[in-house]
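1. have a look; sequence and predicted model below, questions after that.
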Amino acid sequence: MLVVIAEDTAILRGGLISLLEEEGHQVAAAVADAEALKLAVANHRPDVIVADIRMPPTHTDEGVRAALELRARDPKLPVLLFSQYVETQYAGRLLAGGSAGIGYLLKERVLDVKDFIDALERVAAGGTALDPEVVSQLVGASRATSITDVLSPRECEVIALMAEGRSNRAIAEELFVTERAVEKHVANIFTKLDLPVSAADHRRVLAVLRYLGLEQGK
Amino acid sequence: MIARRALREIVSARTWREVLYALLGPALGALSFAATATTLLLTVASIGTIVILVPVLPVFLALARAVAGLCRGTANRLLKLEVAKPTRAPRGPGALGFVGRYLADPVSWRAVAYLALRLPLGLVQFALGVLPWVYALVLMADPLLRYLEPQHYTDSHGIRHTYTFQLGSYYFDSWPRSLMAIAAGVLLLFAAPWLTRGSLLIDRWLLPRLLGPSAASLRIRELEETRANAINEAAATLRRIERNLHDGVQARLVALGMQLGRAESRLEAQEYDRAAQLVSTSRQDAKEIIGELRELVRGIHPPALDSGLQPALHTLAARSPIPATVRVELPQRPPASVETMLYFSAAELLTNAGKHSGASTIALTVLSNAERVQLIATDNGKGGARLDGDGSGLRGLAERVRTVDGHLDVDSPPGGPTTITIEVPRVF
């Protein structure tokens, strides 16, 4: 994959470049602020962007704003944002336009190289990668807690993992159950949330959005 | 000499501002009298008919304060006083709050007291401050007046005399006598500035006491100011620590973890040399992170301070950009808060001196008596340090010291040397 990195801390930028290259990816550009990021994206047309949220000049939400701007131009552009804190507001803004090709991870997720590369590839392929921390805070912040009242504890675990962007197989591995069992839970969730029958992926996205309290028109 | 001094006084701007003030005295007095009389009458009346008049009284008290403000403003401008406007008492809730704000506020009643004295004061000021000038001029103009507006009398010998002034049965009707009148006028003219000044003595004494802020309200204002400073300071410090952690240790730990993750990945790929190299770099990084964390901790609370100001300042001096000597003479250890304050002040003074003074040596001295502790920093640099200078950091330090009722003095003539003294109470 062709990756563009935006990270203002030099030591992390360097680490990310080495990590991605060692894992067989190509880093087209590694920049230190949002303006340079926009330029690099225009120049290199990367498969995925990895961007820090806090960058110069104000060190607040430059990464989020750049990502929103880039996706306004190219809605399919996969963006993996990461930061040292979870800000539900940022996550909400990012996901408000749909969760396809969006990732939001805490920086320490990078430590597990396999998981990180996995998440990056998932985002690049148009999937979602939300940090468990992001998911739990979004659910905590949303007023749609009635959903978790409707679901059984096991179904809650399943939908939380769905929200992180995991596939049924990954969920099965995580929960030490068979993929069949996960499929059953997912079907139950769709029924309980009263989601119309349509393409399975679409229902999955709707379920997650409702779970995160980000459902459109709400 | 004395004559020249007296002449200068007669024409000085100060004298004429004072004469103008004395001239306004009766007018201000009359206005004050009106305001006081209504207020006092209403006060007395409201004792009987409390329900009706109590709500009206605050209005008149407000009026009294406005007149008092006019008096204060006039005095400040013409007498060059610096009587500050007293702070208003905070308003409680509801209509009672409005009433209470004025009735219970001693500032209002002090204003009324001043206004009550204002009319007699104004009359005295006019009599002593303005009339002498008038008499002096009139006396000096005696020959002219005798010519312009002659008065006549015929004595027992049937001789007709022309005069303007008389003192009992003594008539100023001849040139030698006119000269006496002129001399008296000149003397009076020379005395007039002092008479004017004297007439204002009582007013000058009363103004700050009755129309200024009370000592308590000045103290409250000072405390409010320093409290706001302290809060901002604390918030800024927290923000600085957060930034240092975020950009420093936290980022480096993430990078370290990332490196170890990469090492793990290389091990799985059986690239042992590369993995070993990554682990070795990680170990080095971990060591550096520990060092960075230690620096940060020192910035929050220096561990050396636990064993006292003397060892802490010695440690600080050892790290100073300019060679520094330390002398601490404390009969006993001050409270920890004082030690911390002085330690960080010293740290800032050393940094400051290193940046701006160009000095080759700096001496830190700590002294104390029963009530106060002093930190004195003297360097042999180029001087010119100022409290209001840009980016000197001294102003921030002075404000921090003020939050604990301490103060900071700068003695830094151009060319040096610079001595900065910080004095704080032993107990905050």
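-> Thanks, I have the structure now. Just so it is clear, the model here is predicted, and its values are computed rather than measured. Residues are numbered from 1 along each chain as shown, chains lettered A, B, ... in the order given.
2. okay, CA-based contacts and neighbour counts for the rest of this
-> Will do.
3. what's the neighbour count on the residue of chain A found nearest chain B?
-> For chain A, the nearest residue to chain B under the criterion C-alpha to the nearest C-alpha is A:Leu111, separated by 4.4 Å. Counted by other C-alpha atoms under 10 Å in any protein chain shown, the residues lying close to A:Leu111 total 19.
4. quick check: B:Glu264 touching B:Ala275?
-> Yes - taking contacts as C-alpha atoms under 8 Å, B:Glu264 lies within contact range of B:Ala275: 7.1 Å.
5. B:Thr36 against B:Leu115, yeah?
-> Yes - here B:Thr36 lies in contact with B:Leu115, judged by C-alpha under 8 Å, at a distance of 6.1 Å.
6. show me the contact partners of stretch B:175-186.
-> The contact list for stretch B:175-186, computed with C-alpha atoms under 8 Å, 6 or more residues apart in numbering or on different chains, reads B:135-143, B:172.
7. excluding covalently adjacent residues, which one is nearest to A:Glu87?
-> Closest residue to A:Glu87 apart from its sequence neighbours, by C-alpha to C-alpha, 6 or more residues apart in numbering or on different chains: A:Val134 at 7.7 Å.
8. flag every buried residue along the stretch of helix or strand the one you found belongs to.
-> Under the criterion DSSP states H and E, the helix or strand holding A:Val134 is helix A:132-141. By neighbour count, and taking 16 or more other C-alpha atoms under 10 Å in any protein chain shown as the criterion, the buried residues in helix A:132-141 are A:132-139.
9. now those residues as CSV including distance to B:Ala230 and pLDDT?
-> As requested, those are arranged in CSV below (distance: C-alpha to C-alpha, whole Å; pLDDT from 0 to 100):
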residue, distance to B:Ala230, pLDDT
A:Pro132, 39, 86
A:Glu133, 35, 84
A:Val134, 35, 83
A:Val135, 38, 83
A:Ser136, 37, 81
A:Gln137, 34, 81
A:Leu138, 36, 78
A:Val139, 38, 76
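10. show me what counts as buried in stretch A:151-171.
-> If you call a residue buried by 16+ other C-alpha under 10 Å, then stretch A:151-171 has these buried ones: A:151, A:155-168, A:171.
11. gap between the two ends of that stretch?
-> Stretch A:151-171 has its terminal residues 17 Å apart, counting by C-alpha to C-alpha, to the nearest Å.
12. equivalent analysis for stretch B:370-383, please.
-> 32 Å.
13. hmm, who's touching it?
-> So stretch B:370-383 is contacted by B:342, B:346, B:349, B:353, B:357-368, B:412-427 (C-alpha under 8 Å, 6+ apart).
14. what about that stretch, average pLDDT?
-> Looking at stretch B:370-383 alone, the average pLDDT works out to 90.
15. now stretch B:300-318
-> Over the span of stretch B:300-318, the pLDDT mean works out to 86.
16. repeat for stretch B:143-159
-> Confidence for stretch B:143-159, expressed as mean pLDDT, is 77.
17. which parts of that stretch are buried?
-> By 16+ other C-alpha under 10 Å, the buried positions in stretch B:143-159 come out as B:143, B:145-146.
18. export the residues you listed to CSV and append columns for secondary structure and distance to chain A.
-> CSV is the format used below for the buried residues of stretch B:143-159 (DSSP: H, G, I helix; E, B strand; the rest coil; distance: C-alpha to the nearest C-alpha, whole Å):
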residue, secondary structure, distance to chain A
B:Pro143, helix, 85
B:Leu145, helix, 83
B:Arg146, helix, 86
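19. let me know the closest of these to A:Arg93.
-> Proximity to A:Arg93 was ranked across the buried residues of stretch B:143-159 by C-alpha to C-alpha; first place goes to B:Leu145, at 94.2 Å.
20. isn't the closest one up against B:Thr164?
-> Yes - counting by C-alpha under 8 Å, B:Thr164 is a contact partner of B:Leu145 at 6.7 Å.
21. run a quick neighbour tally on A:Lys184.
-> 11.
22. any idea how far the helix or strand where it lies is from the chain center?
-> Mapping A:Lys184 onto the secondary structure by DSSP H and E places it in helix A:179-192. When distances are taken as C-alpha atoms, centre = their mean, to the nearest Å, helix A:179-192 is centred 22 Å away from the chain's centroid.
23. what do you get for stretch B:407-414?
-> Offset of stretch B:407-414 from its chain centre (C-alpha atoms, centre = their mean): 18 Å.
24. pLDDT weak spots in the chain?
-> All of this is about chain A. A:141-146, A:198-201, A:215-218 (pLDDT under 70).
25. try again with chain B
-> Low-confidence regions of chain B, defined here as pLDDT under 70, cover residues B:46-55, B:88-102, B:389-392, B:428.
26. so which residues on it come close to chain A?
-> Those residues of chain B that sit near chain A, judged by C-alpha under 8 Å from any C-alpha of the partner chain, are B:246-247, B:251-252, B:254-255, B:257-262, B:265.
27. in the stretch 201-350 of chain B, what residue is nearest chain A?
-> Ranked by C-alpha to the nearest C-alpha, the top residue of the stretch 201-350 of chain B for proximity to chain A is B:Met258, at 4.4 Å.
28. that residue and A:Asp112, how far apart?
-> Taking C-alpha to C-alpha as the measure, B:Met258 falls 7 Å from A:Asp112.
29. of those two, which one has the most company?
-> Neighbour totals were compared for B:Met258 and A:Asp112, and B:Met258 leads with 25 against 17 (other C-alpha under 10 Å).
30. any idea which helix or strand carries that one?
-> Counting by DSSP H and E, B:Met258 is found in helix B:251-268.
31. for that helix, packing partners?
-> If you count contacts as 3 or more C-alpha pairs under 8 Å, 6 or more residues apart in numbering or on different chains; DSSP states H and E, helix B:251-268 packs onto helix A:10-22, helix A:113-124, helix B:272-300.
32. what's the local residue count around B:Ala385?
-> A total of 24 residues lie near B:Ala385 under the criterion other C-alpha under 10 Å.
33. now do the contacts for it.
-> Residues near B:Ala385 by C-alpha under 8 Å, 6+ apart: B:357, B:392, B:410-413, B:418.
34. mind running it again at 7 Å?
-> When the contact criterion is C-alpha atoms under 7 Å, 6 or more residues apart in numbering or on different chains, the partners of B:Ala385 are B:Ser412.
35. how about the secondary structure of it?
-> In the three-state summary, B:Ala385 is assigned as coil, counting by DSSP: H, G, I helix; E, B strand; the rest coil.
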